[in-house]
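A.B. asks: Okay, predicted coordinates and the sequence, questions at the end:
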Amino acid sequence: MRPERRALLILAGANCLFAGSYVTAKLALATWPFASLNMVRFTVAALVLAPYLWRHRRLLPRDRPDQLRLAAMCALGFIGNKAFEYWGLSLSTATDMALLIGAEALATVVLSVLLLGERIRRVETVGLVLGGGGIYLIVAGGLRLPGGFGAGHLLGNLLILLSLLLEACFTIVGKTVVSRYPPFLVTSALVCGSLVVWWPAGLSALAARDWSGLSWSVVAAGLYLGIVTTVVGYWAWFYGLQRVMPGAVAPLLFIQPLVGTALAVLIAGERPGLATLFGGLLVIAGVIMVVVTRPPLASSPPAAAGGG
């Protein structure tokens, strides 16, 4: 098998692993608070990644500006993003999460235009409008005004959108960092660094409740999210990105909403409405017009795994 084809298959597999994280986390959040689930997930991942991080610690940023960027990436992508993502997912559905994941790609393009001075073409503007309309249909549940931002499902979707916006900011901030340091090493440092927040937050959340919700399903979810999604998924993602052109990767991102929705229906028994499904199609169409047709940049960041 040609190396490029093998890399594409590995990237496709990584997207399937990321898609599986939505329904896995949703099932675990039924009994555990989101902070405690993140504590378990990143503790498991850190136990695997810590030896690699220690062995290659000399390659980590030494100058103060890059260290501050690394801290900002940790706060945006592995603390703030995961806090709002799991909080929102506990109030929403795995289907909505899977279909909204395309909003991250759209937000990244908008931020690149606003903050990095990149140009936007007419077809991309149309794609952003379509994607924005699809996002509204998913969040509001149809063509109607939101009934109240304090409502459970609506609030959950808004929190998911906020998490995706933070993920897009993470990509922009990390654009220069991952181009000068090994991306998987950076990811390992961010995972381990996030425990400074997740251990106090996770234990406090459990202390406010009790440990009775701990079951083998939560343990299995923590192992999947920590080892399969975080360690294996990110390794596969970076392995593939180092061997294929960025333009070949973009279409593979659509695996996440398709596989994620299918798993939510088959495993969690969710039944998304027509408005939600149509909104998801609009988001996918918008991402196609914005991301797939967008000329790839030589400095495009490989850290945007688009989920997980």
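C.D. replies: Alright, I've got the coordinates. Predicted, not measured: the structure shown is a model, and the values here were computed from it. Numbering: from 1, shown residues only.

A.B. asks: Low-confidence ranges, this structure, go.
C.D. replies: 1, 116-117, 141-151, 210-214, 245-251, 291-308 (pLDDT under 70).

A.B. asks: how deep is residue 258 tucked in, by neighbour count?
C.D. replies: 16 (other C-beta atoms under 10 Å). Every residue, glycine included, has its C-beta placed from N, CA and C.

A.B. asks: same deal with residue 267?
C.D. replies: Using other C-beta under 10 Å: residue 267 sits among 14 other residues.

A.B. asks: hang on, isn't it packed against residue 20?
C.D. replies: No - counting by C-beta atoms under 8 Å, no contact exists between residue 267 and residue 20, whose distance comes to 9.0 Å.

A.B. asks: helix, strand or coil for residue 243?
C.D. replies: Following DSSP: H, G, I helix; E, B strand; the rest coil, the label given to residue 243 is coil.

A.B. asks: buried sites along stretch 45-56?
C.D. replies: Within stretch 45-56, the residues that count as buried by 16 or more other C-beta atoms under 10 Å are 45, 46, 49, 53.

A.B. asks: which residues touch the first one?
C.D. replies: If a contact means C-beta atoms under 8 Å, 6 or more residues apart in numbering, then residue 45 has 191, 226, 227, 230, 231 as its contacts.

A.B. asks: and which of the buried residues of stretch 45-56 is nearest to residue 128?
C.D. replies: Distances from residue 128 to those, taken as C-beta to C-beta, are shortest for residue 45 (33.7 Å).

A.B. asks: Let me know the secondary structure of residue 31.
C.D. replies: From three-state DSSP, the assignment for residue 31 is coil.

A.B. asks: residues near it, how many?
C.D. replies: Applying other C-beta under 10 Å, I find that residue 31 has 16 neighbouring residues.

A.B. asks: where's it relative to residue 215, distance?
C.D. replies: 7 Å (C-beta to C-beta, to the nearest Å).

A.B. asks: What of residue 154?
C.D. replies: If you go by C-beta to C-beta, the gap between residue 154 and residue 215 works out to 29 Å.

A.B. asks: again with residue 95
C.D. replies: From residue 95 to residue 215 the distance is 24 Å (C-beta to C-beta).

A.B. asks: More neighbours: which of those two?
C.D. replies: Per other C-beta under 10 Å, whichever of residue 95 and residue 215 has more neighbours is residue 95, with 27 against 12.

A.B. asks: Does that one touch residue 269 like I think?
C.D. replies: No - using C-beta under 8 Å as the test, residue 95 is too far from residue 269 to be in contact (10.6 Å).

A.B. asks: For those two, list the residues in contact with both.
C.D. replies: Between them, residue 95 and residue 269 share no contacting residue, judged by C-beta under 8 Å, 6+ apart.

A.B. asks: May I ask which two of the contacts of residue 45 are separated the most?
C.D. replies: 191 and 227 (11.6 Å).
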